[in-house]
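# Okay, sequence plus prediction incoming.
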Amino acid sequence: MENKSFGFSSELTLDTFVIPPGGKYPIFFLGITIYLFGIFCNLTLLILIILKKNLHKPMYFILFSLPLNDLIGITAMLPKVLSDIVTETNKVYYPLCVLQAFLLHMYGGGLLFILAAMAYDRYTAICMPLRYSSIMTPRVIICIISLVWGFDFALIVLLFSLQTRLPRCKSLIMNVFCDNPSLLKLTCGNTAVNNIIGLFNTAVFQAVSVSIQAFSYVKILITCVVSGRSEAKAKAVNTCVAQMVILIIFEIVGTFTILSHRFTNVSPDLQKIMGMLIFLVPPLLNPLVYGLYTREIRNTLLGVLKNSVGA
């Protein structure tokens, strides 16, 4: 049995992709391009919301959490994977592996809660426009953001506190990055409680996020249809479709990844690729969907670009 110590002498080996000869550097540069593009888009959105006073509104204060969460997800996963492709070491110390897994799970849960908070904000703005300012006060916004991050953090801490208490008897992570299911497969103790808590966390994240979003968007559609105004209907479609696209993509990839760990006949490479998409697709799409697709952010960005060119 291996030492359970968190010391840096505890080294794990990550599984690898089968890369054809001469393919690692093209894959590395493609990955770096994707990473830098994701970082640039999300940082641009963050900076715009911070610096531009016309974006200092409840909707954008909540939206601020989205690119921040995306930066956590893509940074926790992709640089390590790309480094392993080039160096071909595929080694990671156990504490760093736990940290990576913790951040990746924080990202996944955070995305679901943030989407729910954004849906509620749009529901309030469209269905109760006259009361919006009195409902979405600065205090309420702070409470919503605190609940999003605090609840996410508490659930993930609970999950990993149970995982790290178990002794380890294996050292090969059957994935290209660290996550809780892969870490759990290294243990040789009774994992029944861990599996129950893992399923409980998944159920809580899904139930809270999906129920709030479903309620919000159904109410938005009903309100806009009843109003009979084409402008209101277009606003509802723009609000709903953008967020639902991200949610559906995340749900499909996330559900497959979770279920794939519970079936032995799923291709390991397919499992790895689908797992990576969770941390790549939303961080790349979210700034475009919620940034450029939102008229006020789009106009603000265009104004900044015009001023920069004209300077």
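Now that the structure is in, tell me what you want to look at. Numbers count the residues shown, from 1 in each chain.
# who's in contact with the closest residue in space to L55 that isn't next to it in sequence?
Of all residues not flanking L55 in the chain, I49 sits nearest, at 5.0 Å (Cβ to Cβ, 6 or more residues apart in numbering). Quick note: C-beta positions are derived from backbone N, CA and C, even for glycine. When contacts are counted by Cβ atoms under 8 Å, 6 or more residues apart in numbering, I49 touches 55-56, 60-61, 63-64.
# Let's see that with 7 Å instead.
Contacts of I49 were listed using Cβ atoms under 7 Å, 6 or more residues apart in numbering, and they are 55, 60, 63-64.
# Please, which helix or strand holds it?
Under the criterion of DSSP states H and E, I49 resides in helix 24-51.
# wait, what's in contact with the closest residue to L71 other than its chain neighbours?
Excluding the flanking residues, the one nearest L71 by Cβ to Cβ, 6+ apart is N42, at 5.2 Å. With contacts defined as Cβ under 7 Å, 6+ apart, N42 is in contact with 67, 70-71, 283, 287.
# Relative to Q206, how far out is Q213?
11 Å (Cβ to Cβ, to the nearest Å).
# Would you mind telling me which of those two has the busier surroundings?
Between Q213 and Q206, counted using other Cβ atoms under 10 Å, Q213 has the larger neighbour count: 23 against 15.
# Go through the helix or strand containing that one and flag the buried ones.
Assigned by DSSP H and E, Q213 falls within helix 192-227. Within helix 192-227, the residues that count as buried by 16 or more other Cβ atoms under 10 Å are 194, 197-198, 201-202, 205, 209-210, 212-213, 216-217, 219-221, 223-224.
# helices or strands up against that helix?
The contact analysis (3 or more Cβ pairs under 7 Å, 6 or more residues apart in numbering; DSSP states H and E) places helix 192-227 against helix 94-127, helix 138-163, helix 230-260.
# Sheet partners, orientation included, of the very next helix or strand once past the second one?
On the C-terminal side of helix 138-163, the nearest following helix or strand under DSSP H and E is strand 172-173. In the sheet containing strand 172-173, the strands it pairs with under DSSP bridges are strand 11-14 (parallel).
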